[in-house]
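# here is my input, please return the structure:
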Amino acid sequence: MPQNSPRLNLPYLQPSQAQKHVTHNEALRALDLVVQLNLTSLDATIPPAAPEQGETHALGAAPTGDWSGQAGKLAAWVDNGWHFLTPGAGWRAWDQSADQLKIWSGSAWTAPQVDTQNLSGVGIATGSDSTNRLAVRSPATLLTHEGGGHQLKINKSGAGETASLLFQSNWTGHAEMGLSGSTDFSIKISPDGGNWVDVLRFDATTGTASGAAVQSSAEDITPGRLMRADFGYGPGNVLGAVSENGGLPTGAVIERGSNANGDYVRFADGTQICSVTLGAVGCTTGTGALYASGAAIWDYPATFATGTIPALSGNGGGIVRFVGFDTPTEVQVTYQVLAAASDATAISPTAVAIGRWF
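I've put the predicted structure just below:
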């Protein structure tokens with residue numbers, strides 16, 4: 001018959017053994033140490049100066065003093081002396097210093113592995129439920145990289161479902177962004193968690209923006225709204241072809257052009273200015289007390305609105321010369337240069353016509 005048990009090395013009572021109580025008590029003492037094993041410290045190397053009865057330490061690789069030569073063993077203070085036990089692989093112990101369960105792997109005390117796959121729920125400092133299967137209660141939540149970038153994915157089963165971030169105050173939703181009921185990305189707000197407004201929505205196909213925060217038409221001047229490029233003006237459309245619809249500008253702010261008949265500028269409000277440097281003339285034909293050039297016609301470089309009469313002004317080209325105009329039409333005007341004295345010098349007059357293009 002063997003002298004000790006195969007697993008815990010407990011001494012057996014032998015036939016005709018004297019003082020059986022000694023062997024029995026030794027086995028009970030060993031059981032008392034290993035059953036519900038509780039460790040004061042792990043990887044200990046220096047024995048405490050005043051240990052308490054039953055105090056047990058898991059020794060490190062190079063213990064000293066009374067523990068010298070007992071590396072990797074358990075040291076228990078019992079009956080005013082240290083007793084040493086060799087742990088077996090799989091032994092479990094409660095680590096008082098870490099307040100955590102540990103398992104002896106055969107070479108080190110390690111935390112038991114936990115199966116984290118297909119859990120029904122995880123609650124960190126709070127409880128999870130069937131809807132919120134991951135619940136975290138903390139001042140902040142950190143998701144960081146592993147040497148490169150980092151993505152947070154929110155997936156939904158179909159276009160009509162919702163994949164979004166909901167922002168709440170005292171459990172009432174007030175803002176939400178994501179894919180709500182479609183594949184368009186939207187930002188919504190609510191004053192009460194029940195009535196929601198689409199503030200911004202970006203079309204998944206075109207990328208264009210719409211929503212309550214965006215200008216709804218060219219006439220929309222609601223304070224605080226974002227101006228649409230096709231309703232407002234910027235470097236790309238300040239200069240260009242002007243146009244209108246029902247009196248409202250639909251094109252650029254300023255249009256400038258020129259041709260053989262002169263230069264013109266059109267403004268989005270309907271104003272048009274035409275200017276020209278006309279052919280050089282002399283003033284030698286007597287007309288009453290004045291001397292005149294021959295009458296000529298100026299065809300405007302851009303037509304004025306039908307039925308309107310532009311205002312004309314001009315410069316005769318000299319201090320004693322001036323330009324006279326006949327009644328203008330929307331397409332042309334007849335003019336003549338007049339002088340106080342006969343002067344055959346050919347000088348170019350200039351003219352300006354101001355009116356409306358619509």
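# show me where pLDDT drops low in this protein?
1, 4-10, 21-22, 24, 32 (pLDDT under 70).
# can you give me the domain boundaries for it?
By the record's domain assignment, the chain is partitioned as 36-110, 159-232, 255-356 (automatic domain parsing).
# winner for burial among the ones you listed?
domain 255-356 (a mean of 16; mean count of other C-beta atoms under 10 Å). Where you see a C-beta, it was placed from the backbone N, CA and C, and this is true even at glycine.
# my read is residue 174 is in a helix, agree?
No - Residue 174: not assigned to a helix; according to DSSP: H, G, I helix; E, B strand; the rest coil it is strand.
# isn't it up against residue 191?
Yes - Residue 174 lies in contact with residue 191 (C-beta atoms under 8 Å); the separation is 7.3 Å.
# which stretch among the domains of the chain comes nearest residue 17?
When those are compared by C-beta to C-beta, domain 36-110 sits nearest residue 17, at 21.7 Å.
# picking that back up, make JSON lines from the domains of the chain and add distance to residue 240 to it.
What follows is those, written out as JSON lines (distance: least, C-beta to C-beta, whole Å):
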{"stretch": "domain 36-110", "distance to residue 240": "73"}
{"stretch": "domain 159-232", "distance to residue 240": "13"}
{"stretch": "domain 255-356", "distance to residue 240": "6"}
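# for residue 129, find the nearest of those.
Here domain 159-232 is closest among the domains of the chain (C-beta to C-beta), at 13.6 Å.
# run the chain-centre distance for that closest one.
Distance of domain 159-232 from its chain centroid, counting by C-alpha atoms, centre = their mean, to the nearest Å, is 15 Å.
# what do you get for stretch 318-335?
Using C-alpha atoms, centre = their mean, the offset of stretch 318-335 from its chain centre is 63 Å.
# just stretch 19-29 next, same as before
On C-alpha atoms, centre = their mean, the centre of stretch 19-29 falls 73 Å from that of its chain.
# so what touches that stretch?
Here stretch 19-29 makes contact (C-beta atoms under 8 Å, 6 or more residues apart in numbering) with 10-14, 17, 78, 83.
# leaving out chain neighbours, which residue sits closest to residue 329?
residue 309 (7.6 Å; C-beta to C-beta, 6 or more residues apart in numbering).
# actually residue 220, sorry about that
Closest to residue 220 by C-beta to C-beta, 6+ apart is residue 231, at 7.4 Å.
# wouldn't the one you found be in contact with residue 221 here?
No - look at residue 231 against residue 221 with C-beta under 8 Å: they stay out of range, at 9.8 Å.
# now, among the contacts of stretch 19-29, which is nearest to residue 120?
residue 10 (41.7 Å).
# geometric centre of this structure: which residue is closest?
A centroid search over the chain (C-alpha atoms, centre = their mean) returns residue 177, at 10.6 Å, as the residue closest to the centre.
# just list the residues touching that one, thanks.
With contacts defined as C-beta under 8 Å, 6+ apart, residue 177 is in contact with 164-165, 185-188.
# does the residue nearest to residue 329 touch residue 326 like I think?
No - if you go by C-beta under 8 Å, residue 309 and residue 326 don't touch, sitting 11.5 Å apart.
# pretty sure residue 25 sits in a strand.
No - Residue 25 is assigned helix when assessed by three-state DSSP, not a strand.
# against residue 56, how distant is it?
18 Å (C-beta to C-beta, to the nearest Å).
# ditto for residue 87
When distance is defined by C-beta to C-beta, residue 87 is 11 Å away from residue 56.
# list residues touching both of those two?
By C-beta under 8 Å, 6+ apart, residue 87 and residue 56 have these common neighbours: residue 74.
# how about TSV for the contacts of stretch 19-29, with distance to residue 106 and secondary structure added?
As requested, the contacts of stretch 19-29 are exported to TSV (distance: C-beta to C-beta, whole Å; DSSP: H, G, I helix; E, B strand; the rest coil):
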residue	distance to residue 106	secondary structure
10	21	coil
11	25	strand
12	26	coil
13	31	coil
14	31	coil
17	34	coil
78	25	strand
83	21	strand
